[in-house]
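J.: how would this look folded up:
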Amino acid sequence: MTLTPTTDAFQHLATLARQRLTIMIPFVDRVGAEWAADLFGTTVAPERVLVIRDAAQLVGCGRAAARVRASATRIIDYGGSDLAEETFHAKIVLADGIAAYVGSANLLRRSKADNLECGMLVEGPAVHAVKVLVDAVIKMTEHNMVEG
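T.: Numbering: from 1, shown residues only. Predicted structure coming up:
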């Protein structure tokens, strides 16, 4: 087993993706929006999807929000301001259906620089289950697409 910084794990997934890079993480701040934009800028995947819990979080991200909106092909709001319904708290970064991160990191400054996050890079047949979940969330929330 190798310990890998979360930033390196996310970068690895961005470089692996060929069809779709999906970042499905509930919370984002300015640093996290920049982080997502950098990952989307790195990948060659034509489909770049950001699924967040409430797209209103991007309002406070300034230029970083503009960067992530420009680099994502879709931004999906899972939950929005009506959090009386089901919310999600999953943290997944998926490169096609070949590799995934499943763990504790949000798109926040603390997750990138300060926190000791716990996550796993998954490759091989186990990624199929992660892809099924991510695809189901995207399909279920297509009506919540934000500009991007």
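J.: What distance do you get for the residue positioned nearest the centre of the chain to residue 2?
T.: Central residue of the chain (C-alpha atoms, centre = their mean): residue 23, 1.6 Å from the mean position. Using C-beta to C-beta, to the nearest Å, one obtains 22 Å as the distance from residue 23 to residue 2. Every C-beta, even on glycine, is put in place using the N, C-alpha and C of the backbone.
J.: Does residue 134 touch residue 24 like I think?
T.: Yes - look at residue 134 against residue 24 with C-beta atoms under 8 Å: they come within range, at 5.9 Å.
J.: who has more neighbours, those two?
T.: When residue 134 and residue 24 are compared for neighbours, residue 24 comes out ahead with 24 against 21, by other C-beta atoms under 10 Å.
J.: how about the strands of the protein, start to end?
T.: Here the chain has its strands, by DSSP state E, at 20-24, 47-52, 74-77, 92-95, 99-103, 119-123, 145-146.
J.: Same list, those strands, but as a markdown table with distance to residue 60 and mean pLDDT please.
T.: Formatted as a markdown table, the strands of the chain follow (distance: least, C-beta to C-beta, whole Å; pLDDT from 0 to 100):
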| stretch | distance to residue 60 | mean pLDDT |
| --- | --- | --- |
| strand 20-24 | 18 | 98 |
| strand 47-52 | 13 | 96 |
| strand 74-77 | 15 | 92 |
| strand 92-95 | 22 | 98 |
| strand 99-103 | 24 | 97 |
| strand 119-123 | 25 | 94 |
| strand 145-146 | 15 | 64 |
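J.: Adding distance to residue 112, write these out as CSV.
T.: Listed next are the strands of the chain as CSV, based on distance: least, C-beta to C-beta, whole Å:
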stretch, distance to residue 112
strand 20-24, 13
strand 47-52, 16
strand 74-77, 19
strand 92-95, 13
strand 99-103, 13
strand 119-123, 13
strand 145-146, 23
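J.: In this structure, where is pLDDT below threshold?
T.: For the chain, residues meeting the criterion pLDDT under 70 lie at 1, 80-87, 143-148.
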